[in-house]
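In: model the structure of this input:
(2 chains)
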Amino acid sequence: MKTGLLLSRDDGAISETVDVDALGRDFGHLPVLKVYESFFTAPNQRDVVQTILDHLLEAVVLAGNSPRYFHRIPSGSSILDAIVATGINPNRIAFANLKEQVAFAHFGRREDATRKARALIEAALAKVEVTHPIESVSVAPRRVVLVLGMTEGGLLATQGLLGKGYRVHLVDARAEISTSDELREALRPTVAAVEANPLAAIHAHTEVIDVSGWSGEYTVRLNNSKGAETHAVGGIILAVGADTELIRRLRPLFQLDTDETGQIRGDGASGVMGRTKDPGVWFIPPLGAGGDLSHATAYASAVVLHLTTQLDQNELRHPVYVSEVDESVCGGCGTCVKTCAFAASAVDIQRKLSTIDVRRCKGCGNCVVACPTGARDLMAFPEDHVVRSIGILARAATTSSEPKVLALLCNGCGYPAADQAGELATQARAMCYSPNVMPVQVECGGNVDTQYVLEAFREGFDGVAVTVCRDGHCHHVVGNTDMDRRLGLFREVLRSRNIDPERLRVIHVAPHEGRLFTEEIQAFCQDLKGQSVQAVS
Amino acid sequence: MSERVTVATTWLQSCSGCHMATLDLHAELFELIELIDIKYSTIADIKEVPKVDIALVEGAVANEDNAELLRTFREQSKTLVALGTCACFGGVTGLRNLFDRDAVLRRGYVDTESTVDGKIPTGKDIPALTRSVKAIDQLVEVDHYLPGCPPLPSAIKSTIVALVKGETPPMPTRNLCEECNRKKSKMLVPSRDFVTTTVLAPNELENIDPEQCFLEQGVLCMGPATREGCGSRCLRGNMPCRGCMGPTPDALEQGAKMVNALASILPAGALMFNEDVVGVGYRYSMAVSIFPELAKGKG
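Out: Numbering: from 1, shown residues only, chains lettered A, B, ... in the order given. Alright, predicted model coming up:
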């Protein structure tokens, strides 16, 4: 694999703590090594692209900012899109988070931080070697939208969509508009217009019972007193008001994140309103106190604009998250069927083989872990990569008095929390934590294999911290529950090896709780001090 | 008869059951003897291990003597076969790794309830126990694996016949559910409910349904995490799989993988109270676990 390593000083934010020049020398043997002041300037982005093309690179490691920056911030997505446009598969781009999880978190500890940075780069280089190119499915978007909820937001979004020539299915469990009395009056013309529009189909007394597919191409099943009916739509807008009971029931269908009050929580990136994890599903929150028609219209318009910008494209591509089932080992036991919260797994009884419905799969990795034969793998975080990373990072931990901790960080909660913890550490030095805490990113708590825990202790880690979302907040609905069950059973295995089960700690954290992440990690390190489980020779 | 392929067989730490399974070929042994010339065997009185084409090694390595004999077998053979579960994965013998070696000796020779004034035997004629039990491929290179506790006699024969012909012996790789004929219903329904409300031992069931998946009857069956190829003998005998064929080739280890799977199938609380998850998960493969022995430091 011809791999290039692209390092960033991030205008000093990284190089202030990490010896980027030393890293440049350490990896000088690679076909391409470049050090940038920042990735995010137009000339540097052009240089990255030119470097890839000049050297015919097949893979790149971006060592600098958090991968979340690349996936969620416009300047980050821009460079990522440019790299993919050169022909490099998205799965052959790996990240070493030298900023938030090294430089920021370990300020003033240049030697240790540089050592950790080196290990994270090694792990990223190893990752592109073992990951397979991720396949994608092409979809021609349908100009049809399901709007769930006859609220002010739902009606105004419907009106906006109809105005753009979209067909709309407006669905509600009730038959009347749910909104405040003042707005009900103000919305009367909107209701009349929607009812009169031949592009609109209003389904009162109707519930959504099933959704499959992806942005541009969903299949939704509706249920009412006449029975079930199926519709093909391109996008979905959730405008269910403050009905937390309904939101709770919708969570498994739409991978919704909810806040403490049970309301839908957006992903909060770059101030985009109404975005959920799924780019084809948007939401309009209930109108807050003092909100009037103009607020409701503004929110609905923004959501309609985002969704239609996507659906107006000729083609959308969707990654296939899970590997094909390895038919040489799968015997059709059915464990994956019992595990999947999205009904994406089934067993072909005749052939005794498991199958995956890629249009239902959310890529959480829960079935990959549950499969007792190892017949499945998660494309973005393959088992081989995680196991190698554990080894690389264990060897890089220092031999100081600080315990060596492997932190398995869920993409949905622990990883962003660790990023935020780094940012907090730039404001308060007390928020720095030990550089012997070694992060490995996984997709979800459900993606944490108990085999990783044993690997970690074998490789010499003193403790393993696993982050998961609190009850009711997992993007994959059951990832946190399943991880709790597995690790609960697994403590008995640790005890049998004379490993204190207290060395395995589950940290419940939300994506914005950086402070809590640091406090929990610091407390765990403190508890581990004075105990020692040596590596098995 | 000089053109016959030469064979040596032995057992290390084991019960000799794999050799007994070979004898279970009965009349078919005469067919085998047409093909092979057994130059050395633990069940024959021969002192030196000669050079042979094929070596069949049963048992795990649990003492210095086992290790020495195994190395001799490797040096003297062109093709070495791990015969049976102990040779392949350490087997039941490997469960000793869950205890400290000295504690095991003390328990066996001193602390046993029926022992009076016991002492741990020593002397140069007694081979020292290794610190932990190992599968044979943890010491020498193994060319073919023939798991099973014991392996099917027919599988022993077909492996030898294939090797004599210069072919690679067949080795099934899917999990046991593939060859088990029991019916599954709840296991194949995409519902997050556990398949039963409690976990039972087979003898606690009023009636063991011979047609239905054991997991669906609330009995811990290792079939999902276990390689096929045994003919599902236990299941046909109306008992759950105990895992003797070891993990499938894509799993890193058997015990942890079964824990991962069980969390979706049977109620975790009942599993913890009613089952020995460690004993069941690692009964035959402790020695090849990712963490195959006690941690050295204090827990």
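
In: B:Thr159 contacts B:Gly148, correct?
Out: No - contact criterion Cβ atoms under 8 Å: B:Thr159 and B:Gly148 do not qualify, at 10.8 Å. For glycine as for every other residue, the C-beta is placed from the backbone atoms N, C-alpha and C.

In: give me every residue in the stretch 51-200 of chain B lying close to chain A.
Out: B:98, B:173-179, B:184, B:187-192, B:195 (Cβ under 8 Å from any Cβ of the partner chain).

In: cutoff 7 Å now
Out: Contacts of the stretch 51-200 of chain B with chain A, taken as Cβ under 7 Å from any Cβ of the partner chain, map to B:98, B:173-178, B:184, B:187-190, B:192.

In: buried subset of these?
Out: Neighbour-count burial (16 or more other Cβ atoms under 10 Å in any protein chain shown) applied to these gives B:98, B:173-178, B:184, B:187-188, B:190.

In: for these, give me TSV that also has pLDDT and secondary structure.
Out: Formatted as TSV, those follow (pLDDT from 0 to 100; DSSP: H, G, I helix; E, B strand; the rest coil):
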residue	pLDDT	secondary structure
B:Leu98	96	helix
B:Thr173	95	coil
B:Arg174	97	coil
B:Asn175	97	strand
B:Leu176	97	helix
B:Cys177	97	helix
B:Glu178	96	helix
B:Lys184	96	coil
B:Met187	97	helix
B:Leu188	96	helix
B:Pro190	92	coil
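
In: adding distance to A:Pro67, write the residues of the stretch 51-200 of chain B next to chain A out as a markdown table.
Out: Conversion of these to a markdown table gives the following (distance: Cβ to Cβ, whole Å):
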| residue | distance to A:Pro67 |
| --- | --- |
| B:Leu98 | 41 |
| B:Thr173 | 36 |
| B:Arg174 | 36 |
| B:Asn175 | 35 |
| B:Leu176 | 40 |
| B:Cys177 | 38 |
| B:Glu178 | 39 |
| B:Lys184 | 40 |
| B:Met187 | 37 |
| B:Leu188 | 37 |
| B:Val189 | 37 |
| B:Pro190 | 32 |
| B:Arg192 | 31 |
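
In: and which of those is nearest A:Val60?
Out: Taking Cβ to Cβ as the measure, A:Val60 lies nearest B:Thr173 of those, at 35.8 Å.

In: how near is that closest one to B:Gly229?
Out: 8 Å (Cβ to Cβ, to the nearest Å).

In: go on, A:Val506?
Out: 38 Å.

In: neighbour-wise, which of these two wins?
Out: B:Gly229 (22 against 18; other Cβ atoms under 10 Å in any protein chain shown).

In: these two touch, right, the more buried one and B:Pro172?
Out: Yes - taking contacts as Cβ atoms under 7 Å, B:Gly229 lies within contact range of B:Pro172: 4.0 Å.

In: output the set of residues of the stretch 351-500 of chain A in proximity to chain B.
Out: A:352, A:369-370, A:372-375, A:449-451, A:454-455, A:457-458, A:478, A:482, A:485-486, A:488-490, A:492-493, A:496-500.

In: restricted to helices, list the residues you listed.
Out: Mapping these onto helices (DSSP state H) picks out A:369-370, A:450-451, A:454-455, A:457-458, A:482, A:485-486, A:488-490, A:492-493, A:496.

In: which of the residues of the stretch 351-500 of chain A next to chain B are buried? Put it as a PyMOL command.
Out: To isolate the buried members of these in PyMOL, using 16+ other Cβ under 10 Å:
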select buried, chain A and resi 352+369+370+372+373+374+375+449+450+451+454+455+457+458+478+482+485+486+488+489+490+492+493+496+497+498+499+500
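
In: and the closest residue to A:Val49 other than its chain neighbours, what pLDDT?
Out: Residue nearest to A:Val49 in three dimensions, not counting chain neighbours: A:Ala82, with 5.1 Å by Cβ to Cβ, 6 or more residues apart in numbering or on different chains. We note a pLDDT of 96 for A:Ala82 in this prediction.
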